[in-house]
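Chemist: Here's a sequence, model it:
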Amino acid sequence: MARIPVHRVVLEDGGTSFRLDLRNGVLVHREASVDGVDLAIRTTRTALAGLFVGQTSGMTMEGDPAVLGRLAAVLEAPDPDFAIVTP
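Modeler: I've put the predicted structure just below:
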């Protein structure tokens, strides 16, 4: 799987910056100050949840907004019947 570019999400209500990496099917986040990213999204914790259903109100984006489309293209819809724990 191709590596998706690094992104930065800034949660304004917490003053925290997170770096997101998607590699080998795993989305990893860590608190970090990251410069030179392809897309920086400034939002609050409440508005961030809307991003996963395509709502971007309450957010400002700096950089290439097409990065979100490339990220969404490699994600699969979750299976509601997925058995996390099986006997």
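
Chemist: what helix or strand is residue 50 on?
Modeler: Counting by DSSP states H and E, the element that carries residue 50 is helix 45-51.

Chemist: try residue 70
Modeler: Using DSSP H and E, the element containing residue 70 is helix 66-73.

Chemist: Can I get that helix in CSV, CA atoms only?
Modeler: As requested, the backbone C-alpha atoms of helix 66-73 are provided in CSV (Å, rounded to 0.1, in the frame of the first residue of the first chain):
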residue,chain,number,x,y,z
ALA,A,66,-7.2,16.8,-2.3
VAL,A,67,-5.2,15.0,0.3
LEU,A,68,-8.5,14.2,2.1
GLY,A,69,-9.8,12.5,-1.1
ARG,A,70,-6.6,10.4,-1.5
LEU,A,71,-7.0,9.3,2.2
ALA,A,72,-10.6,8.5,1.8
ALA,A,73,-9.9,6.5,-1.4
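
Chemist: Show me what that helix is packed up against.
Modeler: Helix 66-73 sits against strand 4-11, with contacts defined as 3 or more C-beta pairs under 8 Å, 6 or more residues apart in numbering; DSSP states H and E. (Glycine included, C-beta is placed from N, CA and C.)
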